[in-house]
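J.: Take a look and give me a structure for this.
(2 chains)
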Amino acid sequence: MPVDDNDPNDAFEVRFTEALHQAGSGFEPPRQDLAARGEARGRRRAFRRQAAVLGGVTTVALIGVGGALMLPGGQAVGSHSSSTGASSPSVPPATSAATTSVSGDALVHTLEKLLPKGEFSDEEARGTGDPLPPFAKVVYDDGNGKAAVAVSFSRLRPGGQEARQTTECPDKVFIAFDTCRTTTLDDGSKLMILKGYEYPNSRSGTKLWTAEYVSRTGQHVSVQEWNAAAEKDAPVTRALPPLTAEQLSQLATARQWRTALDAVLVPPAAADPSPARGVPGGSVSSTLVSLLPKGVRVVSKSSADAGFGYAVLDDGKGASLVQVNVQGDQSDVENELFGAGTKTLPNGMKVVTHQRPGEKGGEGVVWWTVDTIRPDGYRVVISAFNSGAQNTAATRSTPALTMQQLETIATNAKWYARH
Amino acid sequence: MRPGRSDEYQEFAAARAGHLYRSACLLTGGDTHLAEDLVQETLGKVYVRWGRVSRADNPAAYAQTVLTRTYLAHQRRHSSRKEHSTASLPDTAGPGPTGDAPLRLTLVEALGRLPAKDRTVVVLRYWEDRSIEQTAVAMNTSSAAVRTRCVRALARLRSLLGDSLVEYARP
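T.: Numbering: from 1, shown residues only, chains lettered A, B, ... in the order given. From the prediction side, this is the model:
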């Protein structure tokens, strides 16, 4: 126990430590499958390679915008009728009545049949009877070097956030990739082909190409291929992964997966919380960009999110990060946030401004904020920095927007028109 | 992930999930829903890096650090709400406590009144028994900053809890 000698607080520390252990031990995990849920999340994370999005939204880096992959439009996937039906897309069936479970071996067999001629080894799989998502993975050699190829299956809530994000090309600010393209197929399902890297930031040379297919009823097929025999800790065996974009998309949309997909249960509603109340239109960054003064160039902006967004601006004098948070009822902290220096506008909105040093260690970075709250507690906060990121050195003396401009943006009715 | 590694991971996750959850409950000042989400997120991150994590000296400590950073990142993301004193307890829905209920409420409520980073220091130092240096590493900050936060947090807790700890801490 960390107790400093001669500290008058010692006695308190001892008692506090005891009490803290008692209090902490009193929390019992609410569900038995916490570990399994963590693994399932890890699996999705590994499949999507969007890890950085969740942990590091505010520590953005500047990465240029890349090109787009030309995928033959409207991939024919045949009549994609689903046995789960689409009569009520927002209320998916909770159980898989009359579905046939598919073994891991069968999934491997199907994968090997669907791949072009070659040699297979190191098969690994999990069938649909397991509580965790089914998958099949093989090491495939088309004659030009061994490559890991994996396919996994899950069910997403139709129309839910995850269903949307799975086939949405990621933000280049968060991960590095060469090309990405999302196509809407004839039956309304979506297919994303992403040519990226196993280690998004290290560029070790291990390429990871993925196809994400999500049907209108939320059936999800994820195909991944590497230019190495294993996803991690294995040397690169060839210049590129073996399958072309078109082959990837054919594999992801193959009707042979239908039985397996039908056997995968829809996740419980709680796993996909309804979107939080946020900005009208659902994209903070788009609203932000629409409110910028003329003459300011947008270098990059975050993807659509109803509660948080940023844009990196350049007015010709260097990069400047501007970020906005939009929050629902914040009345409980109103008095604390809007204290001294707060002014109240005729419409009842309170506004307070701050200018302070950046908190994330970027050399010479300043952080300007305009904080606003409406009488109903709806809060819009805009912050601007004199750097393209909070954690990099200042690129200019002040942010690209003045305090007045920030206030004009933050108090615009566009943030809450619908509320 | 190789089958062997997958088993290893599952064993690890099953063994650690409970402790991570309790830590997360303290970190969040009793917000059990957020705690559950943070633990899933942490285990997900550990899963992705399991090849490396499993070779670490202390995978459990590694997971705890991931939890700490995931929590602080969550706080950063919602930082416009600022570190604030909760006027009322966060949502503590869920199964009832198995320990001393009055104690938990008092102490967790007091924790909830600390700024997030101060609370994190307290949890790492007094729940995880980490040294100041280890705490600083986990939080990506300096030892001096940890020391300052720790002193401040203890003083605040002392004023909030006062002698009630004596009353509650002895069964």
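J.: rest of the way, CA atoms for contacts and neighbours
T.: Noted.
J.: How about the contacts made by B:E36?
T.: Counting by C-alpha atoms under 8 Å, 6 or more residues apart in numbering or on different chains, B:E36 touches A:P29, A:P30, A:L34, B:Y21, B:A24.
J.: If you rank the residues you listed by neighbours, which is first?
T.: Within these, most neighbours by other C-alpha atoms under 10 Å in any protein chain shown means B:A24, with 29 neighbours.
J.: do you know how far the nearest residue to that residue once chain neighbours are set aside is from B:R49?
T.: What sits nearest to B:A24 in space, not counting adjacent residues and going by C-alpha to C-alpha, 6 or more residues apart in numbering or on different chains, is B:A35, at 4.8 Å. Using C-alpha to C-alpha, to the nearest Å, we find B:A35 at a distance of 21 Å from B:R49.
J.: Neighbour count: those two, which is higher?
T.: Each of B:A35 and B:R49 has its neighbours counted (other C-alpha under 10 Å); B:A35 has more, 24 against 14.
J.: got a pLDDT number for A:A52?
T.: Looking at A:A52, its pLDDT stands at 33.
J.: A:D141 now?
T.: At A:D141, pLDDT is 96.
J.: Same check on B:P95?
T.: Looking at B:P95, its pLDDT is 36.
J.: Same question for A:R45.
T.: 70.
J.: same deal with the one 10 residues further on?
T.: pLDDT for A:G55: 29.
J.: dump the residue contacts of the residue of chain B found nearest chain A.
T.: Residue nearest to chain A within chain B (C-alpha to the nearest C-alpha): B:G44, separated by 3.4 Å. By C-alpha under 8 Å, 6+ apart, the residues touching B:G44 are A:G38, A:E39, A:A40, A:R41, A:G42, A:R43, A:R45.
J.: give me that answer again for 10 Å
T.: By C-alpha atoms under 10 Å, 6 or more residues apart in numbering or on different chains, B:G44 lies in contact with A:35-46, A:51, B:13, B:38, B:50.
J.: Tell me how far the closest residue to A:K207 other than its chain neighbours lies from A:L208.
T.: Nearest residue to A:K207 in three dimensions, chain neighbours excluded: A:Y197, at 4.3 Å (C-alpha to C-alpha, 6+ apart). The gap separating A:Y197 from A:L208 is 5 Å, by C-alpha to C-alpha.
J.: And for A:V289?
T.: 32 Å.
J.: ok, now A:S25?
T.: Per C-alpha to C-alpha, A:S25 is found 42 Å from A:L208.
J.: higher neighbour count, the two?
T.: A:L208 (25 against 21).
J.: and that one, what helix or strand is that in?
T.: According to DSSP states H and E, A:L208 maps onto strand A:207-214.
J.: average model confidence for that strand?
T.: What strand A:207-214 shows for mean pLDDT is 91.
J.: And for stretch B:68-77?
T.: For stretch B:68-77, mean pLDDT rounds to 85.
J.: Next one: it, is it in contact with chain A?
T.: Yes - interface with chain A: stretch B:68-77 contributes B:R69, B:T70, B:Y71, B:L72, B:A73, B:H74, B:R76, B:R77 (C-alpha under 10 Å from any C-alpha of the partner chain).
J.: Those into TSV, with extra columns for neighbour count and secondary structure?
T.: What follows is the residues of stretch B:68-77 next to chain A, written out as TSV (neighbours: other C-alpha atoms under 10 Å in any protein chain shown; DSSP: H, G, I helix; E, B strand; the rest coil):
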residue	neighbour count	secondary structure
B:R69	20	helix
B:T70	20	helix
B:Y71	26	helix
B:L72	20	helix
B:A73	18	helix
B:H74	17	helix
B:R76	19	helix
B:R77	18	helix
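J.: Redo those residues as TSV? Include distance to B:V151.
T.: Shown next, in TSV, are the residues of stretch B:68-77 next to chain A (distance: C-alpha to C-alpha, whole Å):
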residue	distance to B:V151
B:R69	21
B:T70	24
B:Y71	21
B:L72	20
B:A73	23
B:H74	24
B:R76	23
B:R77	26
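J.: can you tell me which residues contact the residue in chain A that chain B sits nearest to?
T.: Taking C-alpha to the nearest C-alpha, chain B has its nearest neighbour within chain A at A:G42, 3.4 Å off. By C-alpha under 10 Å, 6+ apart, A:G42 lies in contact with A:36, A:48-49, A:51, B:40-50.
J.: Now intersect these with the strands, please.
T.: Within the contacts of A:G42, no residue falls in strands by DSSP state E.
J.: I figured B:Y62 hits B:V46, correct?
T.: Yes - counting by C-alpha atoms under 10 Å, B:V46 is a contact partner of B:Y62 at 8.5 Å.
J.: What helix or strand is the residue of chain A closest to chain B located in?
T.: Take DSSP H and E as the rule and A:G42 turns out to sit in helix A:34-48.
J.: Next, the angle from that helix to strand A:207-214.
T.: Orientation note: helix A:34-48 sits at an angle of 110 degrees relative to strand A:207-214 (axes from the mean of the first three to the mean of the last three C-alpha atoms, to 10 degrees).
J.: so for the longest helix belonging to chain B, what's the average pLDDT?
T.: The longest helix of chain B (DSSP state H) is helix B:3-27. Here helix B:3-27 scores 87 as its mean pLDDT.
J.: so what secondary structure elements neighbour it?
T.: Using 3 or more C-alpha pairs under 10 Å, 6 or more residues apart in numbering or on different chains; DSSP states H and E, the elements in contact with helix B:3-27 are helix A:10-25, helix A:34-48, helix B:32-48, helix B:50-53, helix B:59-77, helix B:101-112, helix B:116-122.
J.: can you rerun that using 6 Å?
T.: helix A:34-48, helix B:32-48 (3 or more C-alpha pairs under 6 Å, 6 or more residues apart in numbering or on different chains; DSSP states H and E).
J.: what's the closest of those to B:A17?
T.: helix A:34-48 (5.8 Å; C-alpha to C-alpha).
J.: If you count neighbours, what's buried in the closest one?
T.: Neighbour-count burial for helix A:34-48, with 16 or more other C-alpha atoms under 10 Å in any protein chain shown as criterion, is recorded at A:34-48.
J.: if we can go back for a sec, contacts only, for the residue nearest to A:K207.
T.: A:Y197 makes contacts with A:T206, A:K207, A:L208, as judged by C-alpha atoms under 6 Å, 6 or more residues apart in numbering or on different chains.
J.: Mind doing that once more with 7 Å?
T.: A:F177, A:R203, A:T206, A:K207, A:L208 (C-alpha atoms under 7 Å, 6 or more residues apart in numbering or on different chains).
J.: can you pick the most crowded of those residues?
T.: Neighbour tally across the contacts of A:Y197 (other C-alpha under 10 Å): the maximum, 27 neighbours, falls on A:T206.
J.: OK, contacts around it?
T.: Contacts of A:T206 (C-alpha under 7 Å, 6+ apart): A:Y197, A:E198, A:W226, A:N227, A:A228, A:V236.
J.: Bridging across strands, which residues link to A:T182?
T.: Beta-bridge partners for A:T182, by DSSP bridges, are A:M192.
J.: So it sits against A:S189, correct?
T.: No - A:T182 lies out of contact with A:S189 (C-alpha atoms under 7 Å); the separation is 10.5 Å.
J.: Tell me the predicted confidence for residue 149.
T.: I went with chain A, as the question did not name one. pLDDT recorded at A:V149 is 95.
J.: that's the wrong chain, I meant chain B
T.: Per the predicted model, pLDDT is 86 at B:R149.
J.: State the three-state secondary structure for it.
T.: Three-state assignment for B:R149 (DSSP: H, G, I helix; E, B strand; the rest coil): helix.
J.: same question, A:G316
T.: Assigned with three-state DSSP, A:G316 falls in the coil class.
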